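1. Curious how this folds, go ahead:
(one chain, ligands or ions: 2)
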Amino acid sequence: MKILGIETSCDETAAAIVEDGTRIVSNIVASQIDIHARYGGIVPEVASRQHLLTIIPVVNKALSEPKLAWQDIDGIAVTFGPGLAGSLLVGVNVAKAIALARRLPITGVNHLEGHIYANWLNREKPPVFPCLCLIISGGHSDLVLMKEHGQFEKLGRTRDDASGEAFDKAARILGLGYPGGPAIEQAAKSGTPCFSLPRAWLRDSHDFSFSGLKTALWHLAQKEEILANPSKVADAAASFQCAVVDVLVTKSIEAAKGLGVKQILLSGGVAANKLLTERFLNSSPIPVLVPPPHLCTDNAAMVAACGYYHFQAGKISDYDLDVVPSLSLG
Ligand code: KG4
Ligand code: ZN
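-> Numbers count the residues shown, from 1 in each chain. Ligands and ions are numbered 1, 2, ... in the order given. Predicted coordinates:
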């Protein structure tokens, strides 16, 4: 069964075809990073306008690259939330129009559930339930227990900034550009984590908090006059990255041990971070799965994979499917 996935929740216009929820047939991502970089962050109106310009060529490419025709497609999966309303509207309406014109079933996918399904892509053995999912992106830092396909229980979330958002803000404080995650990771390579920055452990819960760390970095950037000194900027980036990774890794492993899950599944843009994945793989007694970096950041293959399992479970959306910008999971 071949599913066309469509993803336009934020600043990537993406379409992909995935067979049987696992095999990537095509995976096209048109990034808007260069357009938003000059503003230092995503401008929602610019993002939706750019989606409008790009979505049809991107969908066509997802079909034409593997030399497929519409008759080869069995269903459409589209992200309907969470995300930017104007951006989501483009993907959902294009998906509905194609579904109507080609008489294909359509299923709305929660972007966060989609991120988790990146762990099913191009793998010989599928993940094993129950598993603990850590979804770390620009808008979310969620710990979710997944008992079965489609069964989610949220255990923890961020109380303030998401981890990706914290990376983006930290990069801005250090003058490292946008998007912040890759910029901090790159800068940190030539630094050492020598500055002591706080970790919000929130011991009584599985929640996260990163805004205190961000504020501490801001104060550090003022006091030490590090902004004028590239090697100190690198040290500050390394110290910040280390603090975020410490908290995410330690709290997730603790939660996983307490729950007795079989695996920990990482997903979302921040899971593209090498230090994070190394720390997880080296220190977790429970097996950790992590998609390759290009499947951690936003893409439509994860949406198509998730959509396959929706169709298997008979979860088909009506043509009045609408966007839900503040949708959550579990
Ligand atoms: O999942 P994603 O592509 O989009 C959202 O759903 O938000 O995640 C984007 C976030 C951004 O905040 C970006 O700075 C962060 O993921 N990110 C990273 C890395 N690559 C992307 N954070 C840390 N290290 C990275 N290598
Ligand atoms: Zn995302």
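
2. so what does the helix ranked longest in the chain touch, helix or strand wise?
-> What stands out as the longest helix in the chain, according to DSSP state H, is helix 230-259. Packing partners of helix 230-259 (3 or more Cβ pairs under 8 Å, 6 or more residues apart in numbering; DSSP states H and E): strand 131-136, strand 141-148, strand 151-156, helix 163-173, helix 180-188, helix 211-223, strand 263-267, helix 274-283. C-betas here are computed from N, CA, C, even on glycine.

3. Show me which positions of it end up buried.
-> 232-249, 251-253, 255-256, 259 (16 or more other Cβ atoms under 10 Å).

4. For the chain, what lies in contact range of ligand 2?
-> By Cβ under 5 Å from the ion, the residues of the chain that approach ligand 2 are 137, 298.

5. who's in contact with the helix or strand of the chain with the lowest mean pLDDT?
-> Least confident helix or strand of the chain, by mean pLDDT, DSSP states H and E, is helix 33-37 with a mean of 89. Applying Cβ atoms under 8 Å, 6 or more residues apart in numbering, the set of residues contacting helix 33-37 from outside is 11, 42-43, 46-47, 50, 177-179.

6. Sketch out the low-pLDDT regions of the protein for me.
-> For the chain, no stretch has pLDDT under 70.

7. For ligand 2, what's the nearest residue on the stretch 151-300 of the chain?
-> Nearest to ligand 2, among the residues of the stretch 151-300 of the chain, is Asp298, at 4.4 Å (Cβ to the ion).

8. Distance of the closest residue to that residue other than its chain neighbours relative to Ser231?
-> Closest residue to Asp298 apart from its sequence neighbours, by Cβ to Cβ, 6 or more residues apart in numbering: Glu12 at 4.3 Å. Distance of Glu12 to Ser231, given as Cβ to Cβ, to the nearest Å: 33 Å.

9. For the longest helix of the chain, what is the distance to the chain centroid?
-> Counting by Cα atoms, centre = their mean, to the nearest Å, helix 230-259 is centred 18 Å from the centre of its parent chain.

10. what about the nearest residue to Val323 once chain neighbours are set aside, how many neighbours?
-> Computed as Cβ to Cβ, 6+ apart, the closest residue to Val323 that is not its neighbour in sequence is Leu88, at 3.9 Å. Residues lying near Leu88 (other Cβ atoms under 10 Å) number 27.

11. any idea which element Leu88 lies in?
-> Taking DSSP states H and E as the criterion, Leu88 maps to helix 85-102.

12. Stretch 286-303 vs ligand 1: in contact?
-> Yes: Stretch 286-303 comes into contact with ligand 1 (Cβ under 6 Å from any ligand atom), by way of 297-298.

13. Run the angle between the helix or strand where Thr79 lies and helix 85-102 for me.
-> Take DSSP H and E as the rule and Thr79 turns out to sit in strand 75-81. Going by axes from the mean of the first three to the mean of the last three Cα atoms, to 10 degrees, strand 75-81 is angled at 160 degrees with respect to helix 85-102.

14. circling back: give the bridge partners for the residue nearest to Asp298, please.
-> Ser31 (DSSP bridges).

15. Asp72 versus that one, what's the distance?
-> As judged by Cβ to Cβ, Glu12 and Asp72 stand 24 Å apart.

16. Tell me which of these two has more neighbours.
-> Under the criterion of other Cβ under 10 Å, the comparison of Glu12 against Asp72 puts Glu12 first, with 21 against 14.

17. Ala30 is in contact with the more buried one, correct?
-> Yes: at 6.9 Å, Glu12 and Ala30 qualify as touching, with contact defined as Cβ atoms under 8 Å.
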